[in-house]
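K.L.:
The following comprises the amino acid sequence and a computationally predicted model.
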Amino acid sequence: MHEYKLKRGFKPEMDRIKEVLQDSFQVPVTEEDGKLIVSYGALARIEASIVDKKLCVDTTPNPNVPDEEILDTNRRFRNFLDNATGYTAKQRVSKAKKDIGK
């Protein structure tokens, strides 16, 4: 499971995360045990939740998909993280490195 800090102004609310999931993947989002669940392309299962004001995401890969679908899924997943956290991929890597250094 990966934890992502949210940028100032990005509220840690499940309703907002649900909207971002729907916009990013264009599939129905279900709720299970307080987590938002999506299945799309190369990711058989995506679980998203808010814990301690951080976005927690757990993914289960689906290895039996063509390369084009993998690329599309990765693009949509990165877009989801960008819109959910407010940080770009480069900024998320930088924050993760800072957290490890602490």
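P.N.:
Sure, I can see it.
K.L.:
so how far does stretch 23-36 reach from one end to the other?
P.N.:
Separation of the first and last residues of stretch 23-36 by Cα to Cα, to the nearest Å is 14 Å.
K.L.:
in that stretch, what's buried?
P.N.:
24, 25, 29, 35, 36 (16 or more other Cβ atoms under 10 Å). C-beta coordinates here come from the backbone N, C-alpha and C atoms, glycine included.
K.L.:
what two of the residues you listed have the greatest distance between them?
P.N.:
Taking Cβ to Cβ, the two most distant members of the buried residues of stretch 23-36 are 24 and 35; they sit 16.4 Å apart.
K.L.:
Tell me where the model's unsure across the protein.
P.N.:
102 (pLDDT under 70).
K.L.:
Just want the most central residue of it.
P.N.:
residue 81 (4.7 Å; Cα atoms, centre = their mean).
K.L.:
For residue 30, list each beta-bridge partner.
P.N.:
Following DSSP bridges, residue 30 is listed with bridge partners residue 37.
K.L.:
scratch that, residue 51 is what I was asking about
P.N.:
Taking DSSP bridges as the rule, residue 51 bridges to residue 54.
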